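1. For reference, the sequence and a predicted model appear below.
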Amino acid sequence: MARPIQAALASAAAFAAGAAPPVLLAALLPTGVLTPAVMALSLALLAGLGAAAARLGGAPLGRGALRVAFWARWPWAPPRWWAACSAPWSDPPARPVA
């Protein structure tokens, strides 16, 4: 028999547990290192989940960790590329006051 309330609570707890480390890191770090640190922590946690899934499935831990890390990192490339390409046009240089 399905238990939708139990499933919803378990899903909410899992989501909160996965979101907590990057949120705590964001609250503690200065803004200059925030983006790379949150990305690195998120990638490390996802690699850990990949290793755990590989262990449960009987596969090599390193292969599972690398597979999840690679496919998790791949979608981050286009937004960072676009930001790097559009950065020169985002803020015009200030004119000196004579």
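-> Right, received. Where do you want to start?
2. Centroid-nearest residue for this protein?
-> Ser42 (3.7 Å; C-alpha atoms, centre = their mean).
3. Nearest residue to that residue in space, please, no chain neighbours.
-> Using C-beta to C-beta, 6 or more residues apart in numbering and skipping the chain neighbours, the partner closest in space to Ser42 is Pro22 (5.5 Å). Glycine gets a C-beta too; all of them are placed from N, C-alpha and C.
4. got a list of what the one you found touches?
-> With contacts defined as C-beta atoms under 8 Å, 6 or more residues apart in numbering, the neighbours of Pro22 are Val38, Leu41, Ser42.
5. Against Arg73, how distant is it?
-> According to C-beta to C-beta, to the nearest Å, Pro22 stands 15 Å off from Arg73.
6. from what I can see Leu49 touches Trp71, true?
-> No: taking C-beta atoms under 8 Å as the contact criterion, Leu49 and Trp71 are not neighbours in contact, 11.9 Å apart.
7. neighbour-wise, which of those two wins?
-> Taking neighbours as other C-beta atoms under 10 Å, Leu49 and Trp71 compare with Leu49 leading, 16 against 11.
8. Please, which helix or strand holds the residue nearest to Ser42?
-> When secondary structure is defined by DSSP states H and E, Pro22 falls within helix 4-28.
9. Quick check: phi and psi on Ala2?
-> With angles defined as degrees, to the nearest 10, Ala2 sits at phi -70, psi 150.
10. ok, it - how many residues close by?
-> Using other C-beta under 10 Å, Ala2 has 6 other residues around it.
11. do the same with Ala72
-> Other residues close to Ala72 by other C-beta under 10 Å number 16.
12. same thing with Ala54?
-> Here the neighbour count serves as a burial measure; for Ala54 (other C-beta under 10 Å) it reads 19.
13. just Pro75 next, same as before
-> Residue crowding around Pro75 was assessed by other C-beta under 10 Å; the count is 8.
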